[in-house]
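Asks: Mind folding the following:
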Amino acid sequence: MIRLGLEPTTNAMTDFHDQPPRCHDDSLGGRNPHVPAALGGCSLRLGPTPSPSAHAALTLLGEGSCTTPTFNEFREVPAHEALRELNLEPVQLGPKEGLSLINGTQLTTSLAVKAWYEGQRLLEVANLAAALSLEALHGSRQPIDPRVLRTHRHLGTRHCGEKIRAWLDGPSEIHDTHREVKWTQDPYRLRCAPQVHGAVWEELQQAEQTLGEEINAAADNPLLFPDDNCALSCGNFHAIYPARVSDKLASALTTLASISERRINLAMDSRRTGLPDFLVDDGGVRSGFMMAQVTAAALVSECKSLSNPASVDSIPTNNDQEDHVSMGPIAGFKVLEIVDRLRYVLAIELLVATQALDLRAPKRPAERLAKVRDIIRRDVAPLTDDRVLSGDMELIARRIAEGVFDEQVHSQ
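Replies: Below is the predicted model of the structure:
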């Protein structure tokens, strides 16, 4: 995260409206394996990020400490030793150079970029999980009919509906028995997945555009215009744009976690699925996946609390000179907590839907979903009697983070 935060700084300095310090690019990142040690907490000013940026910039002066990778761990070394290992001298800062290193929106932007990147990956997993649940719970495929998706007009609905439908392509013995289901229509958690997921997709697209502009913006103050021989004071350092991205992504990803939990809950109900309660024989006597659903519900509840927007708040500081700030780092750290919780909720849905597929045996699911089930079953055995499920949840959440489903996603 610290290295990511340095990238907007070095990028902005190439615009020459900031004052670049007179040092080799390696000392600001580049091929440098040494990274400034992390500073706990957020920027006091909560809009621009001078406090953590200053902590990182200390290393250029040979002060503070760095972390550097050593085999499978990081070790912390004094900054002057790290510079010496790289045959670099501490920087002697000139006019404006120190300010250029600490001003700007780099922390807020970096946190938002990470949330956007992880959000894109998790949306793909959510589309997979929705398809797996749709198949395993005898959901109708009418809501993902191309004619339906076209009429909604929204690009997100069409995009996610097509993604879900692609997972279900091909013959499916499970789907062939759908006509035996007595329900006329599915609950919204299945029927409206393309629309809900699609809205999240569109917000991720909007976030990408905003963050692209912010990364390439001159966010220092004052800005130098050498051709005009002037320096202009301005507000480009205000982090409201990436802060708003983080807040909007927090709401979007919480929505994704919420509908996933609803699909998990549906799988527990034998009246709707025709499967045993809690997806285990003697459900009620055995807990089965009961507490897995409770865990998902708790995680979603936490996401809802964390999704309260930070950027609508402001605490004036510096005798009211800094009287409206973005709270961007708070927004960024919150959305990353939501990202972690969403990953666990989706892991639980994958486990639950896979168990439901197994209970449909010997009927086979669509081919691509069968491959996903096999990937999960390499790590987690079917649940036949009560056992501790936390390890299974942790393992599949880790597999999502590692990208084990990415090959299946990208083969669409």
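
Asks: pLDDT wise, what is residue 3 at?
Replies: pLDDT recorded at residue 3 is 57.

Asks: Then residue 81?
Replies: 88.

Asks: from now on call the first residue 23
Replies: Done: numbering now begins at 23, and the last item shifts to residue 103.

Asks: neighbours around it, how many?
Replies: Look at residue 103: counted by other CB atoms under 10 Å, it has 14 neighbours. For the C-beta atoms, the positions are set from N, CA and C on the backbone; glycine is no exception.

Asks: next one: residue 349
Replies: Neighbour tally, residue 349, other CB under 10 Å: 26.

Asks: same deal with the one 5 residues further on?
Replies: By the measure other CB under 10 Å, the count of residues near residue 354 is 30.

Asks: Residue 130 is in contact with that one, correct?
Replies: Yes: with contact defined as CB atoms under 8 Å, residue 354 counts as touching residue 130 (5.6 Å).

Asks: Give the intersection of the neighbour lists for the two.
Replies: 264-265, 268 (CB atoms under 8 Å, 6 or more residues apart in numbering).

Asks: Please flag which of these sit within helices.
Replies: 264-265, 268 (DSSP state H).

Asks: and which of the residues you listed is nearest to residue 430?
Replies: Using CB to CB, residue 268 comes nearest to residue 430 of these, at 29.4 Å.

Asks: Flag the shaky bits of the stretch 23-172 of the chain, pLDDT-wise.
Replies: 23-72 (pLDDT under 70).

Asks: what about the nearest residue to residue 138 once chain neighbours are set aside, distance to residue 131?
Replies: Among residues not flanking residue 138 along the chain, residue 229 sits closest, at 4.8 Å (CB to CB, 6 or more residues apart in numbering). The spacing between residue 229 and residue 131, counted by CB to CB, to the nearest Å, is 11 Å.

Asks: Neighbour count for those two, which is higher?
Replies: Legend: neighbour count by other CB under 10 Å for residue 229 and residue 131, higher for residue 131 (30 against 24).

Asks: ok, that one - contacts?
Replies: 30, 233, 236-237, 261, 264.

Asks: repeat that for 7 Å
Replies: Applying CB atoms under 7 Å, 6 or more residues apart in numbering, we find residue 131 in contact with 30, 233, 236-237, 264.

Asks: Among these, which one lies nearest to residue 82?
Replies: Looking across those and measuring by CB to CB, the closest to residue 82 is residue 30, at 16.3 Å.

Asks: what's the neighbour count on residue 353?
Replies: Residue 353 has 32 nearby residues by other CB under 10 Å.

Asks: shouldn't it be in contact with residue 332?
Replies: Yes: if you go by CB atoms under 7 Å, residue 353 and residue 332 touch, sitting 3.9 Å apart.

Asks: Quickly list what's touching both of the two.
Replies: Common neighbours of residue 353 and residue 332, using CB under 7 Å, 6+ apart, are 265, 269.

Asks: for residue 310, helix, strand, or coil?
Replies: coil (DSSP: H, G, I helix; E, B strand; the rest coil).

Asks: in terms of contact, does it touch residue 303 like I think?
Replies: No: Residue 310 is beyond contact range of residue 303, at 8.5 Å (criterion: CB under 7 Å).

Asks: Which one of the two is surrounded by more residues?
Replies: Legend: neighbour count by other CB under 10 Å for residue 310 and residue 303, higher for residue 310 (25 against 14).

Asks: Can you give me the distance of that one to residue 396?
Replies: Residue 310 is 22 Å from residue 396, by CB to CB.

Asks: what do you get for residue 182?
Replies: 24 Å.

Asks: These two: which is more packed in?
Replies: Set residue 182 next to residue 396 and count neighbours by other CB under 10 Å: residue 182 wins out with 28 against 10.

Asks: Kindly state the pLDDT recorded for the more buried one?
Replies: Per-residue confidence for residue 182 comes out at a pLDDT of 98.
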